[in-house]
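>>> would you be able to build a 3D model of this:
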Amino acid sequence: MGLMWQRMLFAAVAGLVALLPTDEGRAANGAYAVDAADISETGSCKVESWISSASNQDFSAVANPSCVVDVFKPVELSLLTNRSRSDGEWSTALNPKAKTNLVPTGIGRVGFSFFAGGSFDALTGANLAAFAVMPATFRLSETMRVNINTGWLWDRTLDRHYMTYGVGFDWKFTDVFQWTIETFGQAGAADLPSVVRPRFQTGVRYRPNEIFSVDIIYGRNITGENANWITIGTTIRFPVPEGRPARERTGHL
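Below is the predicted model of the structure:
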């Protein structure tokens with residue numbers, strides 16, 4: 001347990017360090033919005049971070065450290081920190097989340113997981129939102145998978161409830177490159193049509209080894225503002241000592 005807490009502390013510190021440059025101046029799956037049903041190996045940690053810039057001058061810088069702990073069953077705990085600018089106003093949000101796998105994924109069958117969390121204003125502590133999502137993953141082969149997300153979002157600022165959805169496709173087309181395309185959004189009442197209009201992202205991930213990967217992503221309307229977005233993200237993984245790489249353990253991406 002001591003080693004686990006040391007790893008969680010290290011991941012949290014690394015995540016905050018990754019966020020610091022944004023003071024001068026958005027898994028599952030890193031910067032992508034549609035999550036897969038898998039979680040990492042118990043005892044492993046990772047730090048996902050990304051910077052997104054929009055054509056309307058909106059901006060987002062995110063650090064998301066996470067670790068998988070054994071709480072009766074493996075649970076992935078994360079704390080996403082988002083420093084963002086929207087319509088010229090800066091804000092910082094903290095988004096804690098817990099995720100667990102319910103049915104393992106496999107080639108030719110569907111796997112399920114569940115996660116829930118919330119969003120808080122880092123300065124005032126106000127509860128901004130609560131959410132719950134069930135990701136499903138169907139593996140077509142060792143290199144292709146389809147992810148489907150359905151969920152619920154409570155926007156506490158406006159006191160409105162939304163149904164959330166997402167569909168994504170991942171294809172590992174070489175040993176080190178993966179292509180992802182996804183559409184996602186929320187359905188419900190909104191003052192602006194773009195808030196409930198479908199959102200889109202596509203990008204390429206370069207992963208030369210089991211430790212590090214980098215993503216370059218194009219997005220459209222990803223926060224409901226009808227803008228074009230460019231995102232650059234990285235993931236640094238801290239696997240279990242003596243553990244087997246994910247590809248060897250699962251036989252698929």
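
>>> so where is this structure shaky, pLDDT-wise?
Along the chain, segments meeting pLDDT under 70 span 1-28, 244-252.

>>> in it, which spans are strands?
45-54, 59-71, 73-86, 89-103, 110-121, 127-139, 144-155, 160-172, 177-187, 199-206, 212-220, 228-238 (DSSP state E).

>>> can I get those strands in CSV including distance to residue 36 and mean neighbour count?
To be clear about C-beta, it is placed using only N, CA and C from the backbone, and glycine gets the same treatment. Output for these, formatted as CSV (distance: least, CB to CB, whole Å; neighbours: other CB atoms under 10 Å):
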stretch, distance to residue 36, mean neighbour count
strand 45-54, 13, 23
strand 59-71, 14, 21
strand 73-86, 12, 19
strand 89-103, 10, 16
strand 110-121, 8, 18
strand 127-139, 5, 19
strand 144-155, 5, 19
strand 160-172, 8, 18
strand 177-187, 10, 18
strand 199-206, 13, 19
strand 212-220, 14, 18
strand 228-238, 13, 19
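
>>> any idea how far residue 239 is from the closest residue to residue 114 other than its chain neighbours?
Closest residue in space to residue 114, ignoring its immediate chain neighbours: residue 134 at 5.3 Å, by CB to CB, 6 or more residues apart in numbering. Separation of residue 134 from residue 239 (CB to CB, to the nearest Å): 27 Å.

>>> residue 74 now?
From residue 74 over to residue 239 the distance is 14 Å, taken as CB to CB.

>>> likewise for residue 44?
With the distance defined as CB to CB, residue 44 ends up 5 Å from residue 239.

>>> neighbour-wise, which of the two wins?
Set residue 44 next to residue 239 and count neighbours by other CB atoms under 10 Å: residue 44 wins out with 21 against 17.

>>> phi, psi for that one please.
Main-chain torsions, residue 44, degrees, to the nearest 10: phi -90, psi 160.

>>> same question for residue 123.
Dihedral angles (degrees, to the nearest 10) for residue 123: phi -90, psi -40.

>>> which residues touch the nearest residue to it once chain neighbours are set aside?
Using CB to CB, 6+ apart and skipping the chain neighbours, the partner closest in space to residue 123 is residue 92 (6.5 Å). In this structure, residue 92 makes contact with 81, 82, 83, 84, 121, 122, 123, judged by CB atoms under 8 Å, 6 or more residues apart in numbering.

>>> closest one to residue 98 out of the residues you listed, please.
Closest to residue 98 out of these is residue 81 (16.4 Å), distances taken as CB to CB.

>>> from the chain's centre, how far out does stretch 62-77 sit?
13 Å (CA atoms, centre = their mean, to the nearest Å).

>>> kindly report the same for stretch 189-207.
14 Å.

>>> ok, and what's touching stretch 204-212?
Contact with stretch 204-212 is made by 30, 176-180, 213-216, 234-237, 239, 245-247, as judged by CB under 8 Å, 6+ apart.

>>> coming back round to it: what's the closest of the contacts of residue 92 to residue 222?
Nearest to residue 222 among those: residue 84, at 11.6 Å, using CB to CB.

>>> wait, that closest one sits on residue 57?
No. In this structure, residue 84 is not within contact of residue 57 by CB atoms under 8 Å, at 11.7 Å.
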